[in-house]
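>>> Take a look and give me a structure for this.
(chains A and B)
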Amino acid sequence: MGRIKLLLLYDILRWEEKSFIDAARKLDIDITLLQVPSIYGKVGDKATLGVNDVDVALQRSVSFYNSLESTILMESMGLNVINKSYTIMVCQDKLWTTSLLVKNGIPVPDTYVAFDPSAVNKVAGSFLRYPFVIKPIYGSWGRLLALVDDEEDLRTVIEHRSYMHNPIYSIYYLQEFVNKPGRDIRVFTVGDEVPVAIYRYSNHWITNTARGGKAVPARIDPELEDLALRAARAVDGVFLGIDVFEHPEKGYVVDEVNAVTEFRNTVAVTGYDLAYKVLEYIVNMVKH
Amino acid sequence: MMIVKCPICGGEVTVPDDALPGELIEHECGVTLEVVIDGKSIKLKPLEGVREDWGE
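The predicted structure follows:
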């Protein structure tokens, strides 16, 4: 078999995408860059898209909708995309992710869903103790999360949501507030391996590095490794960023799974070449 | 290297010859610019915030 032909789908060339280009060069991969906003073509027809001669695609679009739909389009031509559209959709929908994690026996923070403000009040009065967290079903970078301390906070969040016109905000994803030790863990999976992880330290309850959380290399113990791999299998993903909390009573719990993950801060503090690892996996996958 | 006009401040922006579409350039006026390649012409546009996204 000759050089592997990789299609890199992207919106903007962030540090991560450039690191994939560098890694492709090191691994002698024939890489083609395709900016998603420039794509047009017939569903199921490689020729109109100009992607006739490709072995595999790597999805790196920062926009969820661009990543999902361009993956579906590539899959319509029989192309294998990492991660697949199913995984991207599951990981975008927090309820879907939590549902699959629970079904597969993976510990998660106690999570409730309500479809109406009065139902939210019933959950708050009967099942969830204050403080708790309300999250949008879709979203990342820690945006639109709300820490609800009391009934007045809850009333405020419900009122704000009532003026949001997107129907997705009328669905309430409610989760116990996990009293973390000032950090959470971002664990990366590549196939059946967990090559690297970071602690994200923050004085704020939202620890995303995109929100100012400080990255520090994390130790991957066997329990964390097993948990991450089981979560990856639950969402049928290959290259994932899995957010794990250290729960004071339950131990490790999986909070979220990211299907088109950033990793710039992880590489900066660990020195681990994650892009190389991902492309090495892809080369082996295509060859076997 | 080529010199392209900043669409925000009108100042000069140096763009590498091997710039790729979607590449980001920080300009001294404080704006982040995205490289747009249309045929043989290279333009710059202010990076638009992404409303739906994946993070670290």
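>>> going forward, measure contacts and count neighbours with C-alpha atoms only.
OK.
>>> Quick check, the residue in chain A closest to chain B?
A:I12 (4.2 Å; Cα to the nearest Cα).
>>> For the nearest residue to A:Y112 once chain neighbours are set aside, name its beta-bridge partners.
Using Cα to Cα, 6 or more residues apart in numbering or on different chains and skipping the chain neighbours, the partner closest in space to A:Y112 is A:L174 (5.0 Å). Beta-bridge pairing of A:L174 under DSSP bridges involves A:Y112, A:I134.
>>> List the residues that contact A:L174.
By Cα atoms under 8 Å, 6 or more residues apart in numbering or on different chains, the residues touching A:L174 are A:111-114, A:132-135.
>>> Let me have these in a markdown table, extended by pLDDT and neighbour count.
As requested, the contacts of A:L174 are exported to a markdown table (pLDDT from 0 to 100; neighbours: other Cα atoms under 10 Å in any protein chain shown):
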| residue | pLDDT | neighbour count |
| --- | --- | --- |
| A:T111 | 98 | 18 |
| A:Y112 | 97 | 17 |
| A:V113 | 97 | 16 |
| A:A114 | 96 | 16 |
| A:F132 | 96 | 19 |
| A:V133 | 95 | 19 |
| A:I134 | 94 | 22 |
| A:K135 | 92 | 20 |
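>>> So of the residues you listed, which two are at opposite extremes in space?
Using Cα to Cα, the two most remote members of the contacts of A:L174 are A:A114 and A:F132, lying 14.0 Å apart.
>>> burial count for whatever residue of chain B ends up closest to chain A?
Per Cα to the nearest Cα, B:G22 is where chain B lies closest to chain A, at 4.2 Å. Neighbourhood size, B:G22 [other Cα atoms under 10 Å in any protein chain shown]: 23.
>>> and what of A:K287?
A:K287 has 12 neighbouring residues, counting by other Cα under 10 Å.
>>> now do A:V283
Residues lying near A:V283 (other Cα under 10 Å) number 21.
>>> Checking my notes, it in a strand, right?
No: remark: A:V283 does not belong to a strand; assigned using DSSP: H, G, I helix; E, B strand; the rest coil, it is helix.
>>> residue contacts, it?
A:I4.
>>> tell me the pLDDT at it?
With respect to pLDDT, A:V283 scores 97.
>>> where's the nearest residue to A:W96 once chain neighbours are set aside, which helix or strand?
Distances taken as Cα to Cα, 6+ apart place A:V90 nearest to A:W96, at 5.5 Å, with adjacent residues excluded. Secondary structure from DSSP states H and E places A:V90 in helix A:85-92.
>>> could you say what helices and strands that helix packs with?
Applying 3 or more Cα pairs under 8 Å, 6 or more residues apart in numbering or on different chains; DSSP states H and E, one finds that helix A:85-92 makes contact with helix A:64-75, helix A:94-103, strand A:251-258.
>>> average model confidence for it?
Here helix A:85-92 scores 97 as its mean pLDDT.
>>> in that helix, what counts as buried?
By 16 or more other Cα atoms under 10 Å in any protein chain shown, the buried positions in helix A:85-92 come out as A:85, A:87-92.
>>> Please tell me the pLDDT value assigned to the residue positioned nearest the centre of chain A.
Ranked by distance to the mean C-alpha position of chain A (Cα atoms, centre = their mean), the top residue is A:N258 at 0.6 Å. A:N258 carries a pLDDT value of 95.
>>> Helix or strand: which one has the nearest residue to it once chain neighbours are set aside?
In space, and not counting its chain neighbours, A:N258 is closest to A:G241: 4.9 Å by Cα to Cα, 6+ apart. Using DSSP H and E, A:G241 sits within strand A:239-247.
>>> packing partners for that strand?
Helices and strands touching strand A:239-247, as assessed by 3+ Cα pairs under 8 Å, 6+ apart, comprise strand A:183-190, helix A:222-234, strand A:251-258.
>>> I appreciate the help and will end here.
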